[in-house]
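>>> Take a look and give me a structure for this.
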Amino acid sequence: MVRDATRSLPLPVLTCVIPMLTLDLIKQAAARIAGRVHRTPVVTSRSFNEVAGREVFFKCENLQRAGAFKARGATNKILSLTDEEKKRGVIAVSSGNHAQAVALAAREAGVRAVVCIPDDAPKMKVAGMRNYGADIRVFNRQKDDRDAFGREIAELEGLVKVPAYDDYLIMAGQGTSGLELLEDVPDLDCVMTPCSGGGLFAGVSTAAKSIKPSIKCFAVEPDTANDTQQSFRKGERVKISPPPTIADGLRVQTPGALTFPITRANADDVLTVTDDEIMSVMRFMLFRMKVLVEPSGAAAAAAVFARKLPRNCHRVGIVLSGGNVDPEVLSPIMAAGEPK
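Residues are numbered from 1 along each chain as shown. Modelled structure (predicted):
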């Protein structure tokens, strides 16, 4: 049934969900991908802390290979394939960062990669996929069913799917960023990540809650792409229309079937930010911190910058999930000048 341009989707009964995403699975992923991805730095900024009114620690996945956290999950998944599966080749459907990560991980594993991307995918991300040797297929975001598009190609060509988020090995790979963050800053009382399909939040929050059960976890998404927030409030997956937002990597229309139960279990809340708030924090981080983050990667930082966190969150870990931004997108954002 459709209500107000949204649709509720079936949610697996929580009592029947096998808890397959565990700290052990994340630690196995960390061992598997060691040496193939970067252990990214954690940085701080006194000026950011003054604006935010709390102490913030940034996990810089914008400095990750292929420019985003997605390299972790894609590498873990592809290295876990059987020899027969590797011979068949892999396929990914993505707005950009996941496709780049799959292309890179597949190239290094000697595996053929097909990536399905929307026709409005950022040029920088498309160039990265092409540079890594991927076979690129394009769909129309407004007209095509992205999953059906990828599924048809996979079936016709016998390819193995590498999901962007709805896969426990993908989530475990993304969770290694949370594992590293808690190793570097063990006394955090809060962790935050951008949220789209939910793989990053599922992985990071599972690692964080397993290591420190009292820690608070917040997912953040654009207010015009708030499928996770709607789903979290309603208690079941909600599907929205293709959302308009500058954060191209956060335009998924509904949370994952596997990720959403984990989000429900781990999230203290799902916060939203406006595009203006995202652009404001991007300017601050570039001019004041000398850190370049893409709009999607800056969502969680924007929520803290705009003081949307509860007051009892004092030491906050934030995943800056990516740094791939086209010059034509960045230029008008920066044209507003340095924040006052």
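>>> From now on I want contacts and neighbour counts done on CA atoms only, so please keep to that.
OK.
>>> Please enumerate the strands of the stretch 101-250 of the chain.
Along the stretch 101-250 of the chain, the segments classed as strands by DSSP state E, counting those that start in this stretch run 113-118, 135-139, 160-161, 190-194, 216-222, 237-239.
>>> which of these is buried the deepest?
Taking mean count of other C-alpha atoms under 10 Å as the contact definition, the stretch among those with the greatest mean neighbour count is strand 190-194, which reaches a mean of 28.
>>> Which other helices and strands does that strand contact?
If you count contacts as 3 or more C-alpha pairs under 8 Å, 6 or more residues apart in numbering; DSSP states H and E, strand 190-194 packs onto helix 199-211, strand 216-222, helix 299-305, strand 315-320.
>>> same thing but 7 Å
Packing partners of strand 190-194 (3 or more C-alpha pairs under 7 Å, 6 or more residues apart in numbering; DSSP states H and E): strand 216-222, helix 299-305, strand 315-320.
>>> Please state the offset of the second one from the chain centre?
On the basis of C-alpha atoms, centre = their mean, to the nearest Å, the separation between the geometric centre of helix 299-305 and that of its chain is 14 Å.
>>> on contacts alone, who are the packing partners of that helix?
Using 3+ C-alpha pairs under 7 Å, 6+ apart as the contact criterion, the neighbours of helix 299-305 among helices and strands are helix 46-52, strand 190-194, strand 216-222, strand 269-273, helix 275-289.
>>> Make a markdown table out of the strands of the stretch 101-250 of the chain and add mean pLDDT and distance to Leu79.
Listed next are these as a markdown table, based on pLDDT from 0 to 100; distance: least, C-alpha to C-alpha, whole Å:
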| stretch | mean pLDDT | distance to Leu79 |
| --- | --- | --- |
| strand 113-118 | 91 | 14 |
| strand 135-139 | 91 | 20 |
| strand 160-161 | 96 | 13 |
| strand 190-194 | 98 | 25 |
| strand 216-222 | 98 | 28 |
| strand 237-239 | 95 | 31 |
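>>> Can you add distance to Arg288 and give those strands back as a markdown table?
Conversion of those to a markdown table gives the following (distance: least, C-alpha to C-alpha, whole Å):
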| stretch | distance to Arg288 |
| --- | --- |
| strand 113-118 | 33 |
| strand 135-139 | 37 |
| strand 160-161 | 41 |
| strand 190-194 | 21 |
| strand 216-222 | 23 |
| strand 237-239 | 38 |
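>>> thinking Lys77 is in contact with Tyr168, fair?
No. Lys77 sits out of contact with Tyr168 when judged by C-alpha atoms under 7 Å, with a separation of 8.9 Å.
>>> Secondary structure class of Glu294, three-state.
When the structure is reduced to helix, strand and coil (DSSP: H, G, I helix; E, B strand; the rest coil), Glu294 reads as coil.
>>> Quick one: residues contacting it.
In this structure, Glu294 makes contact with Gly322, Gly323, Asn324, Val325, judged by C-alpha atoms under 7 Å, 6 or more residues apart in numbering.
>>> how far away is it from Ala68?
Taking C-alpha to C-alpha, to the nearest Å as the measure, Glu294 falls 10 Å from Ala68.
>>> Pull up the overlap in contacts between those two.
Between them, Glu294 and Ala68 share these contacting residues under C-alpha under 7 Å, 6+ apart: Gly322, Gly323.
>>> where does this structure have low pLDDT?
Regions of the chain meeting the criterion pLDDT under 70 cover residues 1-19, 339-340.
>>> give me that answer again for 90
When residues are selected by pLDDT under 90, those of the chain lie in 1-20, 94-96, 117-131, 133-134, 139-148, 241-243, 248-249, 251-253, 311, 325-340.
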